[in-house]
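1. Here is my input, please return the structure:
(one chain, ligands or ions: 1)
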Amino acid sequence: MSATIIDGKAISQQIKDELKEKCAQLATKGINVTLAVILVGEDPASQVYVRNKKRACEYIGYKSLSYELPASTTQKELLELIDKLNSNDEVDGILVQMPLPSHIDEKAVINAIRPDKDVDGFHPMNVGALVVGDKGFVSCTPAGVIQLIKRGLPDYDISGKECVIVGRSNIVGKPMSLLMLRENATVTVAHSKTKDLEKVCKRADIIIAAVGRAGVITKDHVKEGAVVIDVGINRNDEGKLCGDVRFDEVSQIALAITPVPGGVGPMTIAMLMNNCYEAALMHNTGV
Ligand code: GUN
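-> Below you'll find the predicted structure:
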């Protein structure tokens, strides 16, 4: 039996089209959505991500303000820019592309963004809101994974399922565990110190791989009929883009699987766009 391949590109397009429609409706009430995008330095991968985020804004009908700063920018200068954007009422969302050059403290930058403009969902206030179940912005990649499962497998019920998340980063693993808990899954977070990863993964109905190493999840980690979500974006020895999961072998036994590229990746931007919409709605209507 061969797995259902969940098409992240199509689902992200669907979400962007819904937002385009909602954005047009807001515009009739005189409300515009504005995202400020900040890139420091010239990391090629970050340049691609930022370009894609600005393109998505353009497609949906948001205004994007672009700040491309040299790698020599000081932390003080960056914090001053954030301060200016925090108090600019036109700006609904502020995104600082990570990673930042090593002389800038990422935590200090994240903490400086006003929580109601933190469309990445990285500010401790938004992370805390997720922990206690309050309203707030949720980190885009894990939010995208939930949408992938719900829209890609509409008859699948997450409630009561055994979910194993491999990876415990602040951006993916930790918020992912909280979102899965909110969906009433039974959640395990595995990481580099986990003993017998194969055994832990093998009991999962849902595996979410967010390790950042090519092909670490093999068919020996996966129970027959499991849903396998691959968050990894790696390059293999031949320079080809690949995930954390060995797609060829795992797709033979899984119920459903996400490809790399074209799985989780496009969902991150779609969820960022959704957070921007929510920010504008909150700033202009109070809901
Ligand atoms: N770098 C890698 N992923 C992300 C993300 O989701 N947001 C930001 N701002 N930077 C990133």
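2. Name the residues of stretch 274-285 that are buried.
-> For stretch 274-285, burial by neighbour count (16 or more other C-beta atoms under 10 Å) applies to 274-281, 283-284. Just so you know, the C-beta spots here come from the backbone N, C-alpha and C atoms, and that holds for glycine as well.
3. and residue 189, helix, strand or coil?
-> Put simply, residue 189 is strand when judged by DSSP: H, G, I helix; E, B strand; the rest coil.
4. can you tell me which residues contact residue 247?
-> Residues near residue 247 by C-beta atoms under 8 Å, 6 or more residues apart in numbering: 230, 257, 259-260.
5. from those, which ones fall inside strands?
-> Among the contacts of residue 247, DSSP state E puts 230, 257 in strands.
6. one step back: of the buried residues of stretch 274-285, closest to the ligand?
-> Nearest to the ligand among the buried residues of stretch 274-285 is residue 275, at 10.5 Å by C-beta to the nearest ligand atom.
7. does the closest one count as helix, strand or coil?
-> helix.
8. residue of the chain with the smallest distance to the ligand?
-> residue 98 (3.6 Å).
9. What are the neighbouring residues in contact with that residue?
-> 46, 106, 171.
10. Spatially nearest residue to the second one, not counting backbone neighbours?
-> So that's residue 106. residue 100 (5.4 Å; C-beta to C-beta, 6 or more residues apart in numbering).
11. How about the first one?
-> With sequence-adjacent residues excluded and distances taken as C-beta to C-beta, 6+ apart, residue 46 is closest to residue 97, at 4.9 Å.
12. for the one you found, what are its contacts?
-> Per C-beta under 8 Å, 6+ apart, neighbours of residue 97: 37-40, 46, 49-50.
13. and the nearest residue to residue 168 once chain neighbours are set aside, what does it touch?
-> Nearest residue to residue 168, sequence neighbours excluded (C-beta to C-beta, 6+ apart): residue 191, at 4.6 Å. Residue 191 sits next to 166-168, 173 when contact means C-beta under 8 Å, 6+ apart.
14. Now tabulate those residues in CSV and tack on pLDDT, distance to residue 195 and secondary structure.
-> Below are the contacts of residue 191 laid out as CSV (pLDDT from 0 to 100; distance: C-beta to C-beta, whole Å; DSSP: H, G, I helix; E, B strand; the rest coil):
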residue, pLDDT, distance to residue 195, secondary structure
166, 98, 13, strand
167, 98, 16, coil
168, 98, 15, coil
173, 98, 18, helix
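15. Widest-spaced pair of those?
-> The two members of those with the most space between them (C-beta to C-beta) are 166 and 168, at 8.8 Å.
16. More neighbours: the two, which one.
-> Legend: neighbour count by other C-beta atoms under 10 Å for residue 166 and residue 168, higher for residue 166 (28 against 18).
17. Hmm, the more buried one is touching residue 207, no?
-> Yes - Residue 166 is in contact with residue 207 according to C-beta atoms under 8 Å; the separation is 7.0 Å.
18. Please enumerate the shared neighbours of the two.
-> Common neighbours of residue 166 and residue 207, using C-beta under 8 Å, 6+ apart, are 201, 217.
19. give me the low-pLDDT residue ranges for the stretch 101-250 of the chain?
-> For the stretch 101-250 of the chain, no stretch is flagged by pLDDT under 70.
20. cutoff 90 now
-> Residue ranges of the stretch 101-250 of the chain with pLDDT under 90: 236-237, 239.
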